[in-house]
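**Student:** Starting from these lines, generate the structure:
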Amino acid sequence: SIRYTTDGSDPSATSGIIYTVPISISTNTTIKAVAFGTNFGTSNIVSNQYSFKVASPILSVLAGTYNLPQSLTLTCSTANAKIYYTTDSTDPSATNGTLYSSAIPISVSTNFKIIAINTGMINSDPVTASYVISLDKVAAPTYTPVTGTYSGSQIVTIASNTTGATIVYTLYGTVPSKTNGTAYTAPVTIGADATLKAYAYKTNMIDSDVASGDYKIKPDVITFTPAPGNYTTLQSIVLACATPDVVIRYTIDGTAPSKTVGTIYTAAIALTGNTTVKAIAYKTGMEDGDVVSGDYTFQLTNVASPVYDPLPGTYTSPQTVAISSTTANAVIRYTTDGTTPTKTTGTVYTTPIAVSTTTTINAIAYATGFSDSDVASGKYLINLGGLDTDGDGVPDNQDDYPADPTRAYNNFYPRSEERRVGKECRSRWSP
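**Tutor:** Numbers count the residues shown, from 1 in each chain. Now for the predicted structure:
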């Protein structure tokens with residue numbers, strides 16, 4: 001008969017398991033056996049050691065290079081074996097590494113060392129596997145219109161050439177990320193100076209670079225109503241800017257307006273003659289607008305020249321002279337001292353002018369929306385002694401030669417004039 005043990009003790013004719021059928025073993029085992037029989041002595045103990053090694057782990061994904069993240073599953077054909085792995089180049093064991101429990105996501109290049117362990121068995125041979133993950137990179141966002149300086153608000157479209165990528169953007173300088181910024185769903189309106197930053201990401205791809213650009217926004221271009229040009233009547237100019245809450249300054253003296261130069265626009269500008277209007281718009285948080293210039297020229301109708309009633313001429317009595325213009329609402333200024341009247345010089349005509357001595361009246365008429373009239377001049381010769389046709393100061397009824405200013409009747413001349421008319425006197429009284 002044969003008795004055996006598997007617990008390391010020595011069998012004998014009285015101890016151990018009586019062998020009857022082949023012994024099934026699945027773990028490292030030392031079998032000790034002894035044979036004995038009636039009338040025989042007991043044999044020597046025979047000892048044999050049987051060792052079992054855990055099967056090597058099986059990897060669901062072969063080591064290699066991939067352009068997408070991978071999911072790695074580990075299995076072992078040895079029942080109840082536990083699998084440990086490391087990714088830091090150290091050797092895994094029951095006390096070092098991670099105990100495998102579920103599929104391992106591989107999103108970056110990783111080196112694995114893997115081993116399977118089971119109680120009572122020799123550890124499996126270690127398995128090494130290197131995975132190179134070479135993901136495609138999401139295309140960086142682009143802007144339309146491109147960054148730069150613009151007049152008026154801009155509607156900016158952001159796009160990535162990577163189909164299906166999600167775009168996140170920020171304004172005013174912060175860096176966008178999956179947790180910071182606004183997810184892009186519609187064009188972005190930029191109405192003031194801003195730094196636009198955006199990046200794009202997509203599952204199983206490397207995030208794009210951050211695209212950054214500065215938008216400098218100026219107020220919309222100022223409009224003039226009516227438009228600059230040539231007109232036959234004076235105009236009042238309305239300035240407007242589509243950008244809300246801007247300040248507009250303007251000049252009409254040829255200088256360039258700025259934030260500090262020019263008149264702040266509050267109401268239509270009434271022009272009084274040929275004028276170059278220059279204007280600028282500005283607003284806090286924006287670039288200064290462009291200076292806009294408009295030339296206005298006028299081909300105005302002249303005011304009708306003043307007319308006198310009675311007409312200028314020689315009179316033997318004082319006259320009351322009325323002045324008028326056929327242009328409605330015209331203002332008339334006149335002088336009687338020989339000077340030329342203007343819009344700002346001379347006496348404003350309101351009532352007829354009393355003329356009692358020889359007088360020259362100069363008059364001009366002007367009105368809003370018209371060019372000034374020509375100066376009208378009228379001489380009134382007042383001779384209270386009677387009519388003096390030749391203007392020599394001797395009334396016709398006392399002058400033998402009323403049409404000849406060089407000859408007159410001597411009896412009515414002062415003595416100082418006798419020499420001038422002596423010839424006439426001698427001729428008159430000679431026999």
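**Student:** in this protein, which ranges drop under the pLDDT threshold?
**Tutor:** For the chain, applying pLDDT under 70 flags the ranges 385-386, 393, 397-398, 408-431.
**Student:** Walking through this structure, point out its helices one by one.
**Tutor:** 418-429 (DSSP state H).
**Student:** Please report how far the nearest residue to residue 105 once chain neighbours are set aside lies from residue 59.
**Tutor:** Closest residue in space to residue 105, ignoring its immediate chain neighbours: residue 71 at 5.7 Å, by CB to CB, 6 or more residues apart in numbering. C-beta coordinates here come from the backbone N, C-alpha and C atoms, glycine included. According to CB to CB, to the nearest Å, residue 71 and residue 59 sit 11 Å apart.
**Student:** ditto for residue 320
**Tutor:** From residue 320 across to residue 59, the span is 127 Å (CB to CB).
**Student:** Can you tell me the centre-most residue of this protein?
**Tutor:** Centroid-nearest residue in the chain: residue 217, 2.1 Å away (criterion: CA atoms, centre = their mean).
**Student:** Would you mind confirming that that one makes contact with residue 156?
**Tutor:** No: taking CB atoms under 8 Å as the definition, residue 217 is not a contact partner of residue 156, at 11.0 Å.
**Student:** quick revisit: okay, and the beta partners of the residue nearest to the centre of the chain?
**Tutor:** Counting by DSSP bridges, residue 217 is bridged to residue 150.
**Student:** about what we covered before: between residue 217 and residue 156, what contacts are shared?
**Tutor:** Here residue 217 and residue 156 share the contacting residues residue 190, scored by CB atoms under 8 Å, 6 or more residues apart in numbering.
**Student:** Show the residue spans covered by the strands in the stretch 151-300 of the chain.
**Tutor:** Assigned by DSSP state E, counting those that start in this stretch, the strands in the stretch 151-300 of the chain fall at 154-159, 166-171, 182-183, 188-190, 194-201, 211-218, 223-225, 229-231, 236-240, 247-251, 263-264, 269-270, 275-282, 292-298.
**Student:** and the third one, what other elements does it pack with?
**Tutor:** With contacts defined as 3 or more CB pairs under 8 Å, 6 or more residues apart in numbering; DSSP states H and E, the secondary structure elements packing on strand 182-183 are strand 166-171.
**Student:** Can you tell me what sits against the strand it packs on?
**Tutor:** So strand 166-171 is contacted by 141, 158-160, 176-178, 180-184, 188, 190, 194-202 (CB under 8 Å, 6+ apart).
**Student:** Report the buried members of the residues you listed.
**Tutor:** 141, 158, 160, 176, 181, 184, 188, 190, 194, 196-202 (16 or more other CB atoms under 10 Å).
**Student:** Among those residues, which one lies nearest to residue 324?
**Tutor:** residue 190 (64.2 Å; CB to CB).
**Student:** just checking, the closest one touches residue 157?
**Tutor:** No: look at residue 190 against residue 157 with CB under 8 Å: they stay out of range, at 11.5 Å.
**Student:** If we ignore the residues flanking it in sequence, what's nearest residue 146?
**Tutor:** residue 213 (7.3 Å).
**Student:** how many other residues sit next to the one you found?
**Tutor:** 16 (other CB atoms under 10 Å).
**Student:** between the strands of the stretch 151-300 of the chain, which one is nearest to residue 368?
**Tutor:** For residue 368, the closest of the strands of the stretch 151-300 of the chain is strand 269-270, at 9.2 Å, according to CB to CB.
**Student:** From the contact counts, what lies against the closest one?
**Tutor:** Using 3+ CB pairs under 8 Å, 6+ apart, strand 269-270 sits against strand 236-240.
**Student:** packing partners for the strand it packs on?
**Tutor:** Counting contacts by 3+ CB pairs under 8 Å, 6+ apart, strand 236-240 is packed against strand 223-225, strand 269-270, strand 275-282.
**Student:** could you measure the residue nearest to residue 146 against residue 174, distance?
**Tutor:** Residue 213 is 14 Å from residue 174, by CB to CB.
**Student:** same question, residue 11
**Tutor:** Distance, residue 11 to residue 174, using CB to CB: 81 Å.
**Student:** try residue 215
**Tutor:** For residue 215 relative to residue 174 (CB to CB), the value is 16 Å.
**Student:** Neighbour count for these two, which is higher?
**Tutor:** In this view residue 215 and residue 174 are compared by other CB under 10 Å, and residue 215 has more residues nearby, 23 against 11.
**Student:** how about that one, what does it touch?
**Tutor:** Counting by CB under 8 Å, 6+ apart, residue 215 touches 147-150, 154, 156, 190, 193-196.
**Student:** same thing but at 10 Å, please
**Tutor:** 143, 145-150, 153-154, 156, 171, 188, 190-196 (CB atoms under 10 Å, 6 or more residues apart in numbering).
**Student:** Quickly note the distance from it to residue 287.
**Tutor:** 10 Å.
**Student:** intersection of neighbour lists for these two?
**Tutor:** By CB under 10 Å, 6+ apart, residue 215 and residue 287 have these common neighbours: 149-150, 192-193.
**Student:** And the furthest pair within those residues?
**Tutor:** 149 and 192 (12.5 Å).
**Student:** that older thread, any common contacting residues for residue 71 and residue 59?
**Tutor:** Shared contacts of residue 71 and residue 59 (CB under 10 Å, 6+ apart): residue 104.
**Student:** Turn the strands of the stretch 151-300 of the chain into a markdown table, including distance to residue 392.
**Tutor:** Converted to a markdown table, the strands of the stretch 151-300 of the chain look like this (distance: least, CB to CB, whole Å):
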| stretch | distance to residue 392 |
| --- | --- |
| strand 154-159 | 87 |
| strand 166-171 | 96 |
| strand 182-183 | 102 |
| strand 188-190 | 90 |
| strand 194-201 | 91 |
| strand 211-218 | 79 |
| strand 223-225 | 64 |
| strand 229-231 | 54 |
| strand 236-240 | 58 |
| strand 247-251 | 61 |
| strand 263-264 | 62 |
| strand 269-270 | 55 |
| strand 275-282 | 54 |
| strand 292-298 | 49 |
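**Student:** out of those strands, which comes closest to residue 114?
**Tutor:** Comparing the strands of the stretch 151-300 of the chain by CB to CB, strand 194-201 comes nearest, at 31.5 Å.
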